[in-house]
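**Student:** With the sequence up front, the predicted model follows.
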Amino acid sequence: QVKLVESGGGLVQAGGSLRLSCAASGRTYSTYAGSWFRQAPGKAREFVAAISWSGGSTNYADFVNGRFTISRDNAKNTVDLQMNSLKPEDTAVYYCAIGRYNNSPRWGEYDYWGHGTQVTVSS
């Protein structure tokens, strides 16, 4: 079993930055691909970014447009999301997930999920 716990969310002004971190427990963590999704009120959960199990490849949603960077440290069992140039439309609960398919944008292909961390961007 793998457990994921997100941290780093909060309130930030438009144009600011936040760094989200996802800490995983479980011996097989390093063999899983990692990802971040988000869900705004009244909207469906959407893909944000993914990283392969090795960290050698990444995938981003179009709306990221170079503002976010996903990374992982398999020695520390973490997957981070650095978010810069934040916009009010980035306001959402951000979820970390891990799964067996590298860089997938499909939430159904992820096996384990965290409980989410709130990100609020004020205008």
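**Tutor:** Now that the structure is in, tell me what you want to look at. Numbering: from 1, shown residues only.
**Student:** Show the contacting residues for Leu86.
**Tutor:** By CB atoms under 8 Å, 6 or more residues apart in numbering, Leu86 lies in contact with Val12, Ala14, Gly15, Gly16, Ser17, Leu18, Arg67, Val119, Val121. All C-beta spots, glycine's among them, are computed from the backbone N, C-alpha and C.
**Student:** what's near enough to touch the fifth one?
**Tutor:** Taking CB under 8 Å, 6+ apart, we find Ser17 in contact with Gln82, Met83, Asn84, Ser85, Leu86.
**Student:** just the buried members of those residues?
**Tutor:** Gln82, Met83, Leu86 (16 or more other CB atoms under 10 Å).
**Student:** ok, now which ones touch Trp53?
**Tutor:** So Trp53 contacts Ser30, Thr31, Tyr32, Ala33, Gly34, Asn102 (CB under 8 Å, 6+ apart).
**Student:** nearest residue to the residue nearest the centre of the chain other than its sequence neighbours?
**Tutor:** The C-alpha lying nearest the average C-alpha coordinate of the chain belongs to Trp36 (CA atoms, centre = their mean; 2.3 Å). Counting by CB to CB, 6 or more residues apart in numbering, Trp36 lies nearest to Val48, which is 4.3 Å off, once chain neighbours are set aside.
**Student:** neighbours of that neighbour, just the number please.
**Tutor:** By the measure other CB atoms under 10 Å, the count of residues near Val48 is 24.
**Student:** Kindly format the C-alpha coordinates of the strand or helix carrying it as PDB.
**Tutor:** Using DSSP states H and E, Val48 sits in strand 46-51. Provided in PDB are the C-alpha atoms of strand 46-51 (Å, rounded to 0.1, in the frame of the first residue of the first chain):
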ATOM      1  CA  GLU A  46      -8.200  18.000 -14.600                       C
ATOM      2  CA  PHE A  47      -4.600  17.000 -15.400                       C
ATOM      3  CA  VAL A  48      -1.800  19.400 -14.500                       C
ATOM      4  CA  ALA A  49       1.500  17.600 -14.900                       C
ATOM      5  CA  ALA A  50       3.100  14.100 -14.800                       C
ATOM      6  CA  ILE A  51       6.600  12.700 -14.400                       C
END
